[in-house]
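S.K.: take this sequence and fold it.
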Amino acid sequence: MACRISELVVDCTGPERLAAFWSEVLGCTEPGRGDGGIIAIGPPGADFGGPQPILVFIPSSDPRTGKLRLHIDVSPTDRDQDAGLERLLAPGARPVGVGQTGTESWHVLAGPEGNEFCLLHTRIQPL
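M.R.: Predicted structure coming up:
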């Protein structure tokens, strides 16, 4: 029997802020909130355990230590990479260096809490 990813859980100090940021970046809606300030977001119509994974932001006061071992890659769906970069910078993403050479086809950015993610070059079809 195989498994599939149903939720990606992110510990964070500000679930409201991160849920709002990623909702804008990904065009997501909020299927629900849980006890203790937990906020879930996903594609329109998505929910816990559905066919598409959702992001779940859980409040945590634990400090981040070291480099992330997992990060999110996003691809533009309605514009080229340069315009996509401008769109991501508007709600608060910022460029960060993690050892890039300058020849990469992607941009490394950080969200509101400093977690890195990449904007890829290839434009893909929206869901």
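S.K.: continuing past the lowest-mean-pLDDT helix or strand in the chain, what's the next helix or strand?
M.R.: Ranked by mean pLDDT, DSSP states H and E, the weakest helix or strand in the chain is strand 29-34, scoring a mean of 90. Per DSSP states H and E, strand 29-34 leads on to strand 38-42 as the next helix or strand towards the C-terminus.
S.K.: Leu120 against Ser105, yeah?
M.R.: Yes - at 7.4 Å, Leu120 counts as touching Ser105 under the criterion of CB atoms under 8 Å. Placement of C-beta: from N, CA and C, glycine included.
S.K.: between those two, which one's more packed in?
M.R.: Leu120 (16 against 9; other CB atoms under 10 Å).
S.K.: relative to strand 29-34, how tilted is the longest helix seen in the chain?
M.R.: The longest helix of the chain (DSSP state H) is helix 15-26. For helix 15-26 against strand 29-34, the angle by axes from the mean of the first three to the mean of the last three CA atoms, to 10 degrees is 160 degrees.
S.K.: OK, contacts around Glu24?
M.R.: Contacts for Glu24 (CB atoms under 8 Å, 6 or more residues apart in numbering) come out as Pro91.
S.K.: and the nearest residue to Gly97 once chain neighbours are set aside, what does it touch?
M.R.: Setting aside the residues directly before and after it, Gly97 is nearest to Val108 in space (CB to CB, 6 or more residues apart in numbering), at 7.1 Å. Shown here is Val108, whose contacts under the criterion CB under 8 Å, 6+ apart are Pro95, Val96, Gly97, Val98, Gln100, Glu116, Phe117, Cys118.
S.K.: ok so, going back, so which elements touch the least confident helix or strand of the chain?
M.R.: If contacts are counted by 3 or more CB pairs under 8 Å, 6 or more residues apart in numbering; DSSP states H and E, strand 29-34 sits against helix 15-26, strand 38-42.
S.K.: want to try JSON lines for these, with distance to Asp80 and mean pLDDT as columns?
M.R.: Formatted as JSON lines, the helices and strands packed on strand 29-34 follow (distance: least, CB to CB, whole Å; pLDDT from 0 to 100):
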{"stretch": "helix 15-26", "distance to Asp80": "16", "mean pLDDT": "95"}
{"stretch": "strand 38-42", "distance to Asp80": "25", "mean pLDDT": "96"}
